[in-house]
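Participant: quick one: sequence plus predicted model below, questions after.
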Amino acid sequence: QVQLVESGGGCGQAGGALRLSCPASGNFNSIHTMRWYRQAPGKQRELIATISGSNIQYADSVRGRFTVSEDIFTNILYLQMDRLKPEDTAVYYCNGGFYYAGADRVTRFSEVWGPGTLVTVSS
């Protein structure tokens, strides 16, 4: 069973920076795509960054300020958040698609979510 757990959240100041990490643990054969989402109070969950190999995409709200990366050797997903704004305040979630072998040795696909980490940005 694959698990994702975010870390690095906390309090930041406007104009400052924070770095989130999300290691993948458990048994899996390969990773398809990793994503960062966030959900601000009273708002819907928003996809902010996607990474699949060399293909990287950002939401307009974070493009130019946030950088997503992954360490393929340690299976850790990162989100470097620079030039923070108060509107970046949200719970941040990592999400990933994993291929794994079941007990019957058939390759299956599973989408996994982390529990989220709170980021609060003060002005």
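Facilitator: In hand now; what should we look at?

Participant: hey, where'd the helices end up in this protein?
Facilitator: Per DSSP state H, the chain carries no helices over any range.

Participant: does anything pack onto the longest strand along the chain? Which helices or strands?
Facilitator: Under DSSP state E, the strand in the chain containing the largest number of residues is strand 90-101. Applying 3 or more CB pairs under 8 Å, 6 or more residues apart in numbering; DSSP states H and E, we find strand 90-101 packed against strand 3-4, strand 18-25, strand 30-39, strand 76-81, strand 107-113, strand 117-122. Heads up, the C-betas are built off the backbone N, CA and C, glycines and all.

Participant: the closest residue to Arg38 other than its chain neighbours pairs with what?
Facilitator: Leaving aside its sequence neighbours, Arg38 sits nearest to Ala90 (CB to CB, 6 or more residues apart in numbering; 3.9 Å). Judged by DSSP bridges, the bridge partners of Ala90 are Val119.

Participant: near Ala90, how many other residues are there?
Facilitator: Ala90 is flanked by 22 other residues according to other CB atoms under 10 Å.

Participant: wait, what's in contact with it?
Facilitator: 38-41, 43, 46, 118-119 (CB atoms under 8 Å, 6 or more residues apart in numbering).

Participant: identify the farthest-apart pair in these.
Facilitator: Glu46 and Leu118 (15.1 Å; CB to CB).

Participant: before we move on, back to that, next, the angle from the longest strand of the chain to strand 18-25.
Facilitator: With axes from the mean of the first three to the mean of the last three CA atoms, to 10 degrees as the basis, strand 90-101 and strand 18-25 are set at 20 degrees to each other.

Participant: buried ones in strand 90-101?
Facilitator: The neighbour-count check on strand 90-101 (16 or more other CB atoms under 10 Å) flags 90-98, 100 as buried.

Participant: how far does that strand sit from its chain's centre?
Facilitator: Offset of strand 90-101 from its chain centre (CA atoms, centre = their mean, to the nearest Å): 7 Å.

Participant: ok, stretch 14-34 next?
Facilitator: Distance of stretch 14-34 from the chain centroid (CA atoms, centre = their mean) equals 5 Å.

Participant: next, give phi and psi for the residue lying farthest from the centre of the chain.
Facilitator: Within the chain, Asp104 marks the point farthest from the mean C-alpha position, 30.6 Å out by CA atoms, centre = their mean. With angles defined as degrees, to the nearest 10, Asp104 sits at phi -90, psi 10.
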